[in-house]
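Colleague: I would like to see how this sequence folds:
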Amino acid sequence: MTGNLIVFFIVAGVAVGSALAMVFSRNAIYAALFLILNFISVALFYLLLDAPFIAISQVTVYAGAIMVLFLFVIMLLGAEQTGRTPARWWYQPVSLFLGVILLVETAIIMFSQSGSVAAPVDVPASFGGPQAIGEMLFTRYLLPFEATSILLLAAMVGAIVMTRGEKK
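Modeller: Got it, this is the predicted structure:
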């Protein structure tokens with residue numbers, strides 16, 4: 001086994017373990033911390049694939065900014081403890097059904113490949129670099145980029161308005 005394969009299996013174990021811990025955590029703060037650990041393990045996967053810019057973006061955007069926003073909303077709403085609402089009778093059967101579908105799809109994808117690996121594609125050296133991404137983002141995709149920022153701003157203002165108490 002090569003070193004990359006050993007690191008991959010270690011990081012994969014951490015990713016799966018943190019995802020399971022996040023799902024089964026009763027405390028929302030702990031769930032958010034496990035999600036940060038999962039985001040960091042995904043960034044390590046990107047490093048293993050020789051994509052350092054995407055790895056740094058993963059840590060900066062998701063583990064940094066998005067998780068701070070999640071923790072802020074959790075603290076603002078006072079929803080540290082999960083499970084306050086009664087579970088509906090159909091949650092568990094539907095979850096199990098969807099989980100089985102996911103496992104079947106995964107098995108079909110894994111075993112339909114018949115062990116063949118696609119030939120590597122020649123990728124230019126500048127592909128995926130910060131300069132190339134910046135040029136694409138601020139020329140070709142400027143309108144969707146700005147629309148997304150306006151959508152996120154509207155969602156943030158809506159969340160603040162919905163959680164704000166009445167003035168007495």
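Colleague: Which residue ranges make up each domain of this protein?
Modeller: Using automatic domain parsing, the domain parsing of the chain gives 1-84, 128-168.
Colleague: Throw those domains into CSV and include mean neighbour count, thanks.
Modeller: In this view, the C-beta of every residue, glycine as well, is placed from N, C-alpha and C. As requested, the domains of the chain are exported to CSV (neighbours: other C-beta atoms under 10 Å):
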stretch, mean neighbour count
domain 1-84, 15
domain 128-168, 10
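Colleague: looking at those, which is closest to Ile108?
Modeller: Taking C-beta to C-beta, domain 1-84 is the member of the domains of the chain nearest to Ile108, at 20.1 Å.
Colleague: Residues touching the helix or strand harbouring Ser41, excluding its own?
Modeller: Element membership for Ser41, per DSSP states H and E: helix 28-48. Under the contact criterion C-beta atoms under 8 Å, 6 or more residues apart in numbering, helix 28-48 has outside partners 4, 7-8, 11-12, 14-15, 18-19, 21-23, 25, 52, 54-56, 58-59, 62-63, 67, 70-71, 74, 79-82.
Colleague: roughly how far is it from the heart of the chain?
Modeller: 8 Å (C-alpha atoms, centre = their mean, to the nearest Å).
Colleague: what's downstream of it, the next helix or strand?
Modeller: Counting by DSSP H and E, the element after helix 28-48 in chain order, helix or strand, is helix 52-57.
Colleague: Next, the angle helix 28-48 makes with the helix or strand just after that next one.
Modeller: Later in the chain than helix 52-57, the nearest helix or strand by DSSP H and E is helix 67-77. Angle, helix 67-77 to helix 28-48, by axes from the mean of the first three to the mean of the last three C-alpha atoms, to 10 degrees: 170 degrees.
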